[in-house]
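K.L.:
Please find the sequence and the predicted model below.
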Amino acid sequence: MRTITSHSIRTFTTSLIANFTRLKSSTYYHQPFSALPTTTRLLLHSQIRKMASSTKHPILLKKPVKLACIQLASGADKFANLSHAADKVREAASGGANIVVLPECFNSPYGCDFFPSYAEQLLPSPPTAEQSPSFHALSVMARDNGIYLVGGSIPELAIAEGTEDQKTYYNTSLVFGPDGKLLASHRKVHLFDIDIPGKIKFKESDVLSPGNSVTLVDLPDYGRIAVAICYDIRFPELAMIAARKGCFALIYPGAFNTTTGPLHWRLQGQARAMDNQIYVALCSPARDMSASYHAYGHSLIVDPMAQVMVEAEESETIVSAELDGTKIEEARSGIPLRDQRRFDIYPDVSQAKVSS
């Protein structure tokens, strides 16, 4: 869809004036718009109005939708975690949520020591129940509650075809529709490798491999969302691509810790919303100080003007908010970044080749 920009209007206007003032020696050539003959000014206004009315911006969110983030408390027992997640998903759906989000590594403890032992084989899809009990549990949760379910993330095991010993591990999010069918999967693109002296050192790449795609998911009832995982939020390019590809929300299952969480969790959510003028949801596990990794908690939902709509504390809870497409349009028309970008000066990252 073609978009009106201030640059395109300037170009159009200059061209139209030039048609009326063909010669540089013309009386009108160097005069301001107000000095042009009345008939010329009226024609210019008419043409610009027609141009504007014929190039509307698309509606990103077809109708209001309630989104819920489940700040889940998980432990070492995978099947207990799956059962508990099902209870909380049912609770969120009964509260009116149409899109429900679980946290990163919702079916297991979070940590490099745990990824291999909790990993499940997802390909070829669909996996058997033995290969991936979490896949089938999530499918049932979505179908039984008639919701779109962003299944947090789980450790994934990929085995190269024709081998049994060539194993690769990913941190993977699965998204299911109200019929229980898989809509998309996202492998965490940016691995959490950090070292803050005296505070925290973590290196996912010791065990995990990165994904290689931007994940956009079409929800037929509502519109398009983007799903990424935790550390992915620190890379604004992913969010910019998703926003310019027509997403109404960026959804990040994540597990910031008690060092980086107070510093940047809320700030990152607001920054991605402010940059892209769409909704942002961050869904964390509940904090468990007896675990080896201490999640920050504070699941939250941010509106297109970067205002935090709702935020949890650190314990297990469900936070929800209603997303409204008119709020996106209000933000984008009031502060029209979409029409003011200067791709003649810097590149449009959304034009890069991406998979979705």
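P.N.:
The structure has been received and is ready for your questions.
K.L.:
Which residues does the helix or strand hosting residue 80 contact?
P.N.:
When secondary structure is defined using DSSP states H and E, the element that contains residue 80 is helix 78-94. Applying CB atoms under 8 Å, 6 or more residues apart in numbering, the contact partners of helix 78-94 are 68, 70, 72-75, 100, 102, 106-108, 118, 133-134, 137, 140-141, 144-147, 149, 318, 320. From N, CA and C alone the C-beta is placed, and that goes for glycine too.
K.L.:
Sort out for me which of those residues are in helices.
P.N.:
Using DSSP state H, the members of the contacts of helix 78-94 that fall in helices are 118, 133, 134, 137, 140, 141, 144, 145.
K.L.:
Now for the chain: which strand has the highest residue count?
P.N.:
If you go by DSSP state E, the chain has its longest strand at strand 167-176.
K.L.:
which residues touch the nearest residue to residue 264 once chain neighbours are set aside?
P.N.:
In space, not counting the residues next to it along the chain, residue 264 is nearest to residue 256; the distance is 7.2 Å by CB to CB, 6 or more residues apart in numbering. Taking CB under 8 Å, 6+ apart as the contact definition, residue 256 lies against 230, 264, 265, 284, 295, 296.
K.L.:
Now do the contacts for the last one.
P.N.:
Taking CB under 8 Å, 6+ apart as the contact definition, residue 296 lies against 255, 256, 257, 258, 260, 261, 262, 265, 284, 287, 314.
K.L.:
how close does the second one get to residue 297?
P.N.:
This points to residue 256. Here residue 256 is placed at a distance of 9 Å from residue 297 (CB to CB, to the nearest Å).
K.L.:
And the third one, by the same measure?
P.N.:
Distance check for residue 257 against residue 297: by CB to CB, it reads 10 Å.
K.L.:
When those two are compared, which one has more neighbours?
P.N.:
More crowded of residue 257 and residue 297, by other CB atoms under 10 Å: residue 297, with 26 against 21.
K.L.:
for the nearest residue to the more buried one once chain neighbours are set aside, helix, strand, or coil?
P.N.:
Nearest in space to residue 297, with sequence neighbours left out and distances taken as CB to CB, 6+ apart, is residue 314 at 3.5 Å. Taking DSSP: H, G, I helix; E, B strand; the rest coil as the rule, one finds residue 314 in the coil state.
K.L.:
Who are the contact partners of residue 314?
P.N.:
Remark: with contacts taken as CB under 8 Å, 6+ apart, residue 314 is in contact with 286, 287, 296, 297, 298.
K.L.:
what's the longest strand of the chain packed up against?
P.N.:
In this structure, strand 167-176 makes packing contacts with helix 115-118, helix 133-145, strand 148-150, strand 154-159, strand 182-187, judged by 3 or more CB pairs under 8 Å, 6 or more residues apart in numbering; DSSP states H and E.
K.L.:
Could you dump these into a markdown table with mean neighbour count added?
P.N.:
Below are the helices and strands packed on strand 167-176 laid out as a markdown table (neighbours: other CB atoms under 10 Å):
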| stretch | mean neighbour count |
| --- | --- |
| helix 115-118 | 16 |
| helix 133-145 | 21 |
| strand 148-150 | 28 |
| strand 154-159 | 22 |
| strand 182-187 | 21 |
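K.L.:
The nearest residue to residue 174 once chain neighbours are set aside and residue 140, how far apart?
P.N.:
Nearest non-adjacent residue to residue 174, counting by CB to CB, 6+ apart: residue 151, 4.3 Å away. Residue 151 sits 11 Å away from residue 140, going by CB to CB.
K.L.:
Could you find the closest non-adjacent residue to residue 105?
P.N.:
Once flanking residues are discounted, residue 105 sits nearest to residue 153: 5.8 Å by CB to CB, 6+ apart.
K.L.:
quick check, nearest of the contacts of residue 314 to residue 206?
P.N.:
The closest of the contacts of residue 314 to residue 206 turns out to be residue 296 (CB to CB; 21.9 Å).
K.L.:
what's the pLDDT at the closest one?
P.N.:
Each residue has a pLDDT score; the one for residue 296 is 98.
K.L.:
how near is it to residue 176?
P.N.:
26 Å.
K.L.:
Which strand or helix spans the spatially most central residue of the chain?
P.N.:
Nearest to the centroid of the C-alpha atoms of the chain, with distances taken as CA atoms, centre = their mean, sits residue 250, at 2.0 Å. Assigning secondary structure by DSSP H and E places residue 250 in strand 247-253.
K.L.:
same for that strand, what does it pack against?
P.N.:
Using 3+ CB pairs under 8 Å, 6+ apart, strand 247-253 is in contact with strand 223-227, helix 236-244, helix 266-276, strand 279-283.
K.L.:
Tell me which residues are up against it.
P.N.:
Where contact means CB under 8 Å, 6+ apart, the residues beyond strand 247-253 that reach it are 60-61, 67, 101-104, 106, 150, 152-153, 173, 216, 222-230, 232-233, 239, 242-243, 269, 272-273, 276, 278-283, 323, 325, 328.
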